[in-house]
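**Student:** Okay, structure incoming, though there's no sequence with it:
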């Protein structure tokens, strides 16, 4: 008995064919519209897995590239600040050398000191530079600067208030690069070489090591002059010795034959005569510049060779004084605010005055500029040779700090270059991964258009075939 296909079975067969061809056409149309070969995981499970792997690699590379962009911006901003700081220190050095010129008037040095003050303020601004809310030279601290200026012992000093840690960014798996440098390693990097005494008063480092940083001014004060036997030749102390500045026992030699007066082996001066304006206040100096003021109004004209002595005291803060024992080789002085400890050998002291003590290699850039400005103002009334001795100390400290700053600038530059090289490598890798992902994920538009046209044609053929297959008439039922 022949099997006859029913109308329903023919209809189902045609409908199934139409659905299949329609789905193929829709798929090709979606591919052309989206440009994607894989629209859902079921389209190609193995390809989908490879695409997901490529996506992870691209996301990781993008994160690293974004971090590098931020890091390089911070490094470059820091480099600009250090370049400005380098220029400031170079300008300060030129100003200091200009101030060492012996032909300058005190007013000129005052003007130079004002310039140094402005340079110091500018350098502090550079040290406290920010990138957004991030302090560039404050270490790992946030929301505060790197340095602040404080008055300690009556002098302005710059204090580092940041931390000594660095901030890092990750530029690769397990690879970190520092994007900040603590200001303590740039503007106040220490290379201690011991305390240096400027040599004004004759004080020298004691037998015990000094402890501290920056610099201090020791005040050696003249308290009392002991006239000895000068009265036997009619001499007296002018003003009862109130204006004397020498310390310790000194030999006074009055030679009427040569017509000279000398003190402590210092320069000889002509004996004053009646009517001289300085007869009642005649000043003689020892080799260190310590002064003895004499009244010659009652001088008998006879020779004299004897000892004149003076007692004194010493202070590190200018407020609390300790009696000065000129036989002590190790007087300990502790500054109550800075904490610096200085040991003084007083056996060579011969005059009063303010003695600069610098912790060589431990004076930060800002304090070096402050000390430079103070000494250019010459508040201690130093002569040119004494002033040069102090300014030479500051010149050494400025040069050392400038070198530290240049080293820090080089470090930032090398890190920025490393970030640039890493970014170039990541960009190249990302491009290669994008190509591989595109090969898996994207379509070939020419081939996709051809496939879509073929699917359209097959659907049309299926529709035409279905129409013919489902055509019915009375004869189909009479067979």
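**Tutor:** That came in fine, so what should we check first? What you see is a predicted model; the values in this text were computed from it and never measured.
**Student:** Leaving out sequence neighbours, find the closest residue to the residue nearest the centre of the chain.
**Tutor:** For the chain, residue 183 is the residue whose C-alpha lies nearest the centre (CA atoms, centre = their mean; 3.4 Å). Spatial nearest neighbour of residue 183, excluding adjacent residues (CB to CB, 6 or more residues apart in numbering): residue 137 at 3.5 Å. (Glycine included, C-beta is placed from N, CA and C.)
**Student:** Quick check, pLDDT for the one you found.
**Tutor:** Listed pLDDT for residue 137 reads 89.
**Student:** before we move on, back to that, which residues does the residue nearest to the centre of the chain contact?
**Tutor:** By CB atoms under 8 Å, 6 or more residues apart in numbering, the residues touching residue 183 are 127, 137, 138, 139, 146, 147, 160, 162.
**Student:** Settle this for me: the fourth one is touching residue 182, isn't it.
**Tutor:** It refers to residue 139. Yes: applying CB atoms under 8 Å, one finds residue 139 in contact with residue 182, separated by 4.2 Å.
**Student:** So for these two, which residue has more residues nearby?
**Tutor:** Higher neighbour count among residue 139 and residue 182: residue 182, with 24 against 21, using other CB atoms under 10 Å.
**Student:** isn't that one right up against residue 163?
**Tutor:** Yes: between residue 182 and residue 163 there is a contact under CB under 8 Å: 6.8 Å.
**Student:** which neighbours do the two share?
**Tutor:** Common contact partners of residue 182 and residue 163 (CB under 8 Å, 6+ apart): 138, 139.
**Student:** What are the neighbouring residues in contact with the closest residue to residue 112 other than its chain neighbours?
**Tutor:** The shortest distance from residue 112 to any non-neighbouring residue, by CB to CB, 6+ apart, is to residue 99 (4.6 Å). Contacts for residue 99 (CB under 8 Å, 6+ apart) come out as 109, 112, 113, 376, 391.
**Student:** same thing with residue 255?
**Tutor:** Residues in contact with residue 255 (CB under 8 Å, 6+ apart) are 261, 262, 303.
**Student:** give me every residue that touches the last one.
**Tutor:** When you say that, I think you mean residue 303. By CB under 8 Å, 6+ apart, the residues touching residue 303 are 233, 254, 255, 256, 257.
**Student:** what about it, distance to residue 239?
**Tutor:** Using CB to CB, to the nearest Å, residue 303 is found at 25 Å from residue 239.
**Student:** Overlap of the contact sets of residue 139 and residue 182?
**Tutor:** Common contacts of residue 139 and residue 182 (CB under 8 Å, 6+ apart): 146, 162, 163, 164, 165, 166.
**Student:** ok, the last one - how many residues close by?
**Tutor:** Residues contacting residue 166 under the criterion other CB under 10 Å number 15.
**Student:** Next one: it from residue 130, what distance?
**Tutor:** To residue 130, residue 166 is 16 Å away according to CB to CB.
**Student:** Which stretches in the stretch 251-400 of the chain count as helices?
**Tutor:** For the stretch 251-400 of the chain, helices defined by DSSP state H, counting those that start in this stretch occupy the ranges 365-377, 384-441.
**Student:** Rebuild those as JSON lines, extending it with mean neighbour count.
**Tutor:** Formatted as JSON lines, the helices of the stretch 251-400 of the chain follow (neighbours: other CB atoms under 10 Å):
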{"stretch": "helix 365-377", "mean neighbour count": "26"}
{"stretch": "helix 384-441", "mean neighbour count": "17"}
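**Student:** Could you tell me the least trusted of these?
**Tutor:** With a mean of 88, helix 384-441 has the lowest mean pLDDT of the helices of the stretch 251-400 of the chain.
**Student:** returning to what we had before: for the residue nearest to residue 183, what are its contacts?
**Tutor:** Contacts of residue 137 (CB under 8 Å, 6+ apart): 78, 81, 127-129, 146, 162, 180-183, 186-187.
**Student:** Am I right that it is in a helix?
**Tutor:** No: applying DSSP: H, G, I helix; E, B strand; the rest coil, one finds residue 137 to be coil, outside a helix.
**Student:** how near is it to residue 89?
**Tutor:** 15 Å.
**Student:** go on, residue 250?
**Tutor:** 43 Å.
**Student:** Residue 216 now?
**Tutor:** In this structure, residue 216 and residue 89 are 23 Å apart, going by CB to CB.
**Student:** so for stretch 242-260, what's the average pLDDT?
**Tutor:** The average pLDDT for stretch 242-260 rounds to 94.
**Student:** can you check stretch 330-344 too?
**Tutor:** Summarised as a single mean, pLDDT over stretch 330-344 is 90.
**Student:** so residue 64 makes contact with residue 171?
**Tutor:** Yes: using CB under 8 Å, residue 64 is in contact with residue 171, at 5.4 Å.
**Student:** can you pull out the strands in the stretch 251-400 of the chain?
**Tutor:** In the stretch 251-400 of the chain, the strands defined using DSSP state E, counting those that start in this stretch lie at 260-263, 269-270, 282-285, 291-295, 304-315, 322-323, 331-334, 341-345, 353-359.
**Student:** Pick the most buried one from those.
**Tutor:** Burial of those is given as mean neighbour count (mean count of other CB atoms under 10 Å); strand 353-359 ranks first at a mean of 24.
**Student:** In terms of secondary structure, what does that one contact?
**Tutor:** Identification of packing neighbours for strand 353-359 by 3 or more CB pairs under 8 Å, 6 or more residues apart in numbering; DSSP states H and E yields strand 195-197, strand 215-226, helix 365-377, helix 384-441.
**Student:** For residue 355, which of the ones you listed is the nearest?
**Tutor:** Across these, residue 355 has its closest neighbour in strand 215-226 (4.2 Å, CB to CB).
**Student:** That closest one pairs with which strands, parallel or anti?
**Tutor:** Strand 215-226 pairs in its sheet with strand 304-315 (antiparallel), strand 353-359 (antiparallel), by DSSP bridges.
**Student:** Which is the succeeding secondary structure element to that strand?
**Tutor:** Sequence-wise, the next helix or strand beyond strand 215-226 is strand 236-237, with elements assigned using DSSP states H and E.
**Student:** Give me the sheet partners of that next one and which way each runs.
**Tutor:** Applying DSSP bridges, strand 236-237 is found paired with strand 291-295 (antiparallel).
**Student:** Rounded mean pLDDT for the partner strand, please.
**Tutor:** 95.
**Student:** what's the answer for stretch 194-203, then?
**Tutor:** This predicted structure assigns stretch 194-203 an average pLDDT of 86.
**Student:** Quick one: end-to-end length of that stretch, please.
**Tutor:** Its first and final residues considered, stretch 194-203 spans 15 Å by CA to CA, to the nearest Å.
**Student:** That stretch: which residues count as buried?
**Tutor:** Buried residues in stretch 194-203, counting neighbours by 16 or more other CB atoms under 10 Å, are found at 195, 196, 197, 198, 199, 200, 201, 202, 203.
**Student:** which among the residues you listed gets closest to residue 410?
**Tutor:** Using CB to CB, residue 196 comes nearest to residue 410 of these, at 28.3 Å.
**Student:** Out of the helices of the stretch 251-400 of the chain, which is closest to residue 353?
**Tutor:** Within the helices of the stretch 251-400 of the chain, the stretch nearest residue 353 is helix 384-441; the backing value is 8.8 Å (CB to CB).
**Student:** Residue 116 and residue 84, how far apart?
**Tutor:** Using CB to CB, residue 116 is found at 16 Å from residue 84.
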